[in-house]
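> Need the 3D shape of this:
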Amino acid sequence: MKFSATFDEKVERSEEQGDKPLVSSYLNPGMVDVKKPAHFAFLELDPLMYFQTWGEEISTGKARPFRFISKPSDEEVRAEMGKDYVWGKAYQSTENAPIKEAMAWPVYDFDNKVVRVFSCDQFTIQKAIKRIALNRKYKNLLDWDLCLSKVNTDGRISYDLQVEPRDEDTESELEAAWKEVEKKGFDIKALLTNGDPFNPEG
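Next up, the predicted model:
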């Protein structure tokens, strides 16, 4: 019985995980637990920058992002969504979900010891990253760790981003994990076509 190479790779990955719970390939601010900050490090300095909004599948109501290299018109968004999706709604509103500028990086997640894609369209987080990157104290941000905390104040969500010094013991595990992912052809630009950066050919 023959199986595809990508399927075999998934099986291998799941066996390597053993009894550990499966971890999403993506790390978005919304996923961060208010009781447990996310600790990660950028693996590339420059982000992939794009515009995105959200659509909902008509048959299931499931939401997914639609991404664009440049800011699209309403007509371009609807054309990209096609007949199977409708434009999602903004939070607690009947208005269409906004088109936001988003950024994405490959990161090493220290808590789960795995490479993930960190993406955010929250301007406050993007501004915090730029502020840190421009600080001469952190000349090469790839040498530092980041800690993202999620704060819920009476239902209002905010985020706090702090820089932390790198633990020398984690440097080798980070480098090994990133090399392994790069060897398999990781390409973050696959996000632009709703592909999988960890399996861009699949």
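
> Mind naming the longest helix for this protein?
Ranked by residue count, the top helix of the chain under DSSP state H comes out as helix 168-183.

> Would you mind listing the buried residues in that helix?
Across helix 168-183, burial judged by 16 or more other CB atoms under 10 Å covers L174, A177, W178, V181. In this view, the C-beta of every residue, glycine as well, is placed from N, C-alpha and C.

> just stretch 127-136 next, same as before
A128, I129, I132.

> Which of those fall in helices?
A128, I129, I132.

> Report the contact partners of the first one.
Read that as A128. The contact partners of A128, by CB atoms under 8 Å, 6 or more residues apart in numbering, come to Y159, L161.

> do you know how far it is from C147?
To C147, A128 is 11 Å away according to CB to CB, to the nearest Å.

> list residues touching both of those two?
With contacts defined as CB under 8 Å, 6+ apart, the residues adjacent to both A128 and C147 are L161.

> so how far does stretch 29-37 reach from one end to the other?
Length of stretch 29-37, first residue to last, CA to CA, to the nearest Å: 10 Å.

> What average pLDDT does that stretch get?
Mean pLDDT, stretch 29-37: 93.

> How about residues contacting that stretch?
24, 38, 111, 120, 122, 125, 147-152, 159.

> rerun that using 10 Å as the cut-off
If you take CB atoms under 10 Å, 6 or more residues apart in numbering as the criterion, stretch 29-37 is touched by 24, 38, 111, 116, 118-122, 124-125, 146-152, 157, 159-162.

> In it, which residues are buried?
Quick answer for stretch 29-37 (16+ other CB under 10 Å): P29, V32, P37.

> quick one: low-confidence ranges for the chain?
Applying pLDDT under 70 to the chain picks out residues 1-21, 202.
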